[in-house]
Structures are given as structure tokens and as C-alpha cells.
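Trainee: my questions concern the predicted model and sequence given below.
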Amino acid sequence: MKVFFDQLFDYNFYCNKKIIEVCTALDVVPEKSHRLFCHMLNAHHIWNARIWKQQPEYKVFQLHDVKDWGDIHYENQRSSFEITSSIEDFDRRVDYDDSKGQQYTNTVQDIIFHIINHSTYHRGQLAMDFRTHGIEPLITDYVHYKR
């Protein structure tokens with residue numbers, strides 16, 4: 001399980017790093033793309049913090065300067081690898097409050113899968129927004145990554 005989750009986090013890191021590289025090279029990042037990518041970074045950070053039972057530093061829709069994306073992304077990845085390296089029971093339940101204050105419980109494996117799936121979902125939205133603004137969308141499909 002650990003190896004598989006590490007592979008998924010590697011995939012996620014690779015795709016997001018490519019997006020950061022494209023956006024860093026742009027004169028202006030489209031507003032929707034900026035908001036979406038910040039949200040992806042924030043959500044990953046928040047879910048890691050929930051697993052660690054820590055207070056997150058970022059809010060769900062907090063905006064960050066593009067120049068800070070790489071550092072936030074790297075820290076998210078580091079924390080996720082620390083989780084997969086230290087967790088023995090991926091079925092362990094994690095109690096947390098969502099951004100509206102409602103209480104929920106999910107397993108560590110559910111949360112890890114959600115982090116990856118959530119990012120994939122929003123990368124699809126980014127691809128659409130890129131295309132709308134004349135920016136060539138990146139191919140971020142998992143099978144292309146594995147080739």
C-alpha cells in the first residue's frame with residue numbers, strides 16, 4: 001500500500017510541478033487557473049494537517065503568489081511522504097472538522113486517495129481554463145506519466 005501511495009504522490013508532484021513551470025513562465029496566470037491551483041495546494045496541505053492532527057496554515061481558498069507555489073507544493077509532498085512512511089495502519093480513522101465546522105471521520109487511505117483524486121479533478125479544470133486562454137494544456141493523464 002505504501003509503495004502505491006508513494007507512486008501516486010510522485011505522479012501528483014510531477015503533474016503539479018509541470019503546471020507550476022508553465023505558470024511561472026507566463027506574464028499573467030489566468031485568474032481562474034490561479035484560484036484553482038492555489039485551492040489544490042491548500043487542500044493538499046489541509047488534508048495532510050488533518051492526518052497529523054495539526055492546525056493548517058492555509059485556508060481552503062487562500063491565494064498565494066505564483067513564486068511561492070513551488071515551496072508550498074514541495075512541503076505538501078514532503079509531508080505526504082512522511083505520512084506514508086510513518087503510518088502503519090492505513091485503515092486508521094481520522095476525525096476532523098471540515099471548513100464549515102462539521103465533524104467527519106475517514107480512513108487515512110481514503111484521505112490519501114482523495115488528495116490525489118482532488119488534484120486530478122482540478123487539473124482537468126485547469127486544462128480547460130488554459131485552453132480558453134490560448135495556453136496549451138498539459139497532458140497529465142496517469143498512464144502518460146507511467147510511460
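Mentor: It's in.
Trainee: check which helices and strands the helix or strand bottoming out on mean pLDDT in the chain sits against.
Mentor: Ranked by mean pLDDT, DSSP states H and E, the weakest helix or strand in the chain is helix 142-146, scoring a mean of 93. Counting contacts by 3 or more CB pairs under 8 Å, 6 or more residues apart in numbering; DSSP states H and E, helix 142-146 packs against helix 2-25. Using the backbone N, CA and C atoms, a C-beta is placed for each residue, glycine as well.
Trainee: quick one: residues in contact with the least confident helix or strand of the chain.
Mentor: Residues outside helix 142-146 that contact it (CB atoms under 8 Å, 6 or more residues apart in numbering) are 11, 14-15, 120.
Trainee: quick one, strands of the chain?
Mentor: Using DSSP state E, the strands of the chain run over 93-97, 103-107.
Trainee: got the CA positions of the last one in PDB?
Mentor: As requested, C-alpha coordinates have been extracted for strand 103-107 and formatted as PDB (Å, rounded to 0.1, in the frame of the first residue of the first chain):
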ATOM      1  CA  GLN A 103     -17.300  16.800  12.100                       C
ATOM      2  CA  TYR A 104     -16.400  13.800   9.900                       C
ATOM      3  CA  THR A 105     -14.300  10.700  10.100                       C
ATOM      4  CA  ASN A 106     -12.400   9.000   7.200                       C
ATOM      5  CA  THR A 107      -9.600   6.500   7.000                       C
END
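Trainee: thanks a lot, catch you later.
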